[in-house]
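Chemist: Okay, sequence plus prediction incoming.
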Amino acid sequence: MMRNRLIRSFIIMVIAYLIDGLIVYLLPYPFTRQGAIIVPSLGLICFTMLVNDLDDSTERYFFSAICGLYYSIVYSNALAAYVLIYIIIAFVRTKFFSTNRFGFMQFAVFAMSIVAFKEVFIYVLEFIVRATSFAFYLFILQRLLPTMLINGILSLLVYAIYPKLGISKEGNTYLER
């Protein structure tokens, strides 16, 4: 049963990453390197829901490391950063939010917080190693806000589709009212 849940989670993540790539492909590319930069994070939003459905902490962190490694290799040049981000999210999700029974607004705020954490974390790392010349206010205006807008829309889709996937574990009543 547990292996099926892990395999199903990996399949869902691959599909989410493919949709992320398709969205990036369909978005207009800023050839002048000016204007809004949009980074869809459908995979990350799906990950935040799926990681808590794995009961075994070893599988949970293995799933986190593999998802972070895949994202790092395919979409990024910061190899260890995304592995660390995914493992941190799994830890926080497990320790503080151990249920998938979110209301609509709770899920939207949680998903946007995760996306904002990822974007700011990567920006700070790139700024420290001087891989970016973006000023912080430009980062907020040209990357963070447009990214949050598109991911807000994507989080609505995840919120609507997730219960229909039928993989959520039952019996976890933490934070349930």
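Modeler: Alright, I've got the coordinates.
Chemist: which stretches of the chain form helices?
Modeler: Taking DSSP state H to define them, one finds helices in the chain at 2-26, 42-50, 57-75, 79-96, 104-128, 136-139, 145-165.
Chemist: Can you list the buried residues in the third one?
Modeler: Counting neighbours by 16 or more other Cβ atoms under 10 Å, one finds that the buried residues in helix 57-75 are E59, R60, Y61, F63, S64, A65, C67, G68, Y70, Y71, S72. Backbone N, C-alpha and C define where each C-beta goes, glycine included.
Chemist: Can you give the distance of that helix from its chain's centre?
Modeler: Put simply, helix 57-75 sits 11 Å off its chain's centre (Cα atoms, centre = their mean, to the nearest Å).
Chemist: try the last one
Modeler: For helix 145-165, the separation from the chain centroid amounts to 10 Å (computed by Cα atoms, centre = their mean).
Chemist: if I look at the most centrally placed residue in the chain, how far off is G35?
Modeler: Centroid-nearest residue in the chain: L44, 1.6 Å away (criterion: Cα atoms, centre = their mean). L44 sits 23 Å away from G35, going by Cβ to Cβ, to the nearest Å.
Chemist: Could you do A80 as well?
Modeler: 30 Å.
Chemist: List the contacts of stretch 133-148.
Modeler: 35-41, 112, 115-116, 119-120, 123, 127, 132 (Cβ atoms under 8 Å, 6 or more residues apart in numbering).
Chemist: wait, what's in contact with the nearest residue to S9 once chain neighbours are set aside?
Modeler: Spatial nearest neighbour of S9, excluding adjacent residues (Cβ to Cβ, 6 or more residues apart in numbering): L50 at 4.5 Å. Residues counted as contacts of L50 (Cβ under 8 Å, 6+ apart) are S9, I12, M13, F63, I167.
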